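Colleague: one predicted model, sequence on top.
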Amino acid sequence: MGGKIRGSRPSYAASRYGISYQNLQSTFNSFQSEDPDNRFETSVNEYLADKLRAFNDRDSETLNQRLESIIEVLESEFEGVIKLKFGGSVSKHTYVDGISDADLLALVHNSSLSDCSPSEVKSYIYEQLSSRLRNVDSIEKGNLAITIRYEDGMEVQLIPALQKYSGYRIPDKNGEQWSPVIRPDKFASKLTNLNQSLSGNVVRVIKLVKGINDQSSTETQISGYHAESLAIEVFKKYPSEYPKTLKRMLKYFYENASELVKTNILDKTNQSLHVDDYLGPEHSPQHYLVSFKMKQICEKMERADREKSSELWKIFL
């Protein structure tokens, strides 16, 4: 009587949740024996995801408030005449605060403004914003757009546009005439479809590319639109057997974009002949300078992979 019960005593967790000591030990042993390659891949992907969260959280509320203020000023003054629509990286969800400009299209509907030149429309909008928009550092009128700058460095570009059945007409590069019809929605739709086919990671990789690009010297930086266009060209051939992870897709971008960037990419919106005209004709020294920079980034990623170094991956962002 009163003999001791032999064997291990069940823990509180085991008794309450049905977890045995053996199961806990097995889980621990599994973690200890986890493939180092898997731990490395997981670590880098978690870091990239953290950087994306930081990009997404960066003052998005402030941006939204400022865009709402602009919309309130213009739509109250030009009710039924001007309608504002998100454009650029905001509409394609590739906006990164502090790196991207936030674009708004000021769509001019049937009214007396429809017969005005781009310069006259810009002047009209500029006067309203200058007199009624508060808490801004400066408002400037350029050839293409009106740029609103805030004291914290954020910029919003307001581009006047005539709405047409098949798209929009915006100021040409001189700002004096309306451009041929452009179709930004066509480009955005193509990006959206590709993004959905790759688990939503194309847009995420574009944001990471923009973050890396922002740390490059001015002469090797590419435009946001160019980065988006390169991503479409790169990822439309992404191998189905490759993992759809941020790390693999980011590296794949630089492996392939470093070659693609040497040649021109046609502008599918019709806004210009090529998205990279600012780099000059294809195979120009400027194209090759950007290509060289991308190859350097790719080589550093390969070195980080060889050494299984999460810290070396972190230097890109």
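Modeller: Perfect, I can see it now.
Colleague: which residues in the protein form helices?
Modeller: Ranges of helices in the chain, per DSSP state H, are 12-17, 21-32, 36-57, 60-77, 88-91, 118-132, 184-197, 201-214, 224-235, 246-260, 285-306, 310-314.
Colleague: give the buried residues for the third one.
Modeller: Read that as helix 36-57. Across helix 36-57, burial judged by 16 or more other C-beta atoms under 10 Å covers Phe40, Glu41, Ser43, Val44, Asn45, Tyr47, Leu48, Lys51, Leu52, Phe55. Any C-beta I mention is one placed from the backbone N, CA and C, and that applies to glycine too.
Colleague: measure the fifth one to Ile297 for me?
Modeller: Going back to what we said before, that points to Asn45. Plainly put, Asn45 is 18 Å away from Ile297 if you go by C-beta to C-beta, to the nearest Å.
Colleague: now swap in Arg132 and tell me
Modeller: 45 Å.
Colleague: who has more neighbours out of those two?
Modeller: Ile297 (23 against 14; other C-beta atoms under 10 Å).
Colleague: tell me the domain ranges of the protein?
Modeller: With domains defined by automatic domain parsing, the chain comprises 60-182, 186-314.
Colleague: do you know which of these lies nearest Asp35?
Modeller: domain 186-314 (11.0 Å; C-beta to C-beta).
Colleague: quick one: the closest one to chain centroid distance?
Modeller: From the chain centre to the centre of domain 186-314 is a distance of 11 Å (C-alpha atoms, centre = their mean, to the nearest Å).
Colleague: model confidence over it, on average?
Modeller: The average of the pLDDT scores along domain 186-314 is 93.
Colleague: thinking again about what came up before, so can I have a markdown table of the helices of the chain showing distance to Asp103?
Modeller: Putting the helices of the chain into a markdown table (distance: least, C-beta to C-beta, whole Å) gives the following:
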| stretch | distance to Asp103 |
| --- | --- |
| helix 12-17 | 53 |
| helix 21-32 | 47 |
| helix 36-57 | 18 |
| helix 60-77 | 10 |
| helix 88-91 | 3 |
| helix 118-132 | 14 |
| helix 184-197 | 9 |
| helix 201-214 | 15 |
| helix 224-235 | 10 |
| helix 246-260 | 23 |
| helix 285-306 | 23 |
| helix 310-314 | 31 |
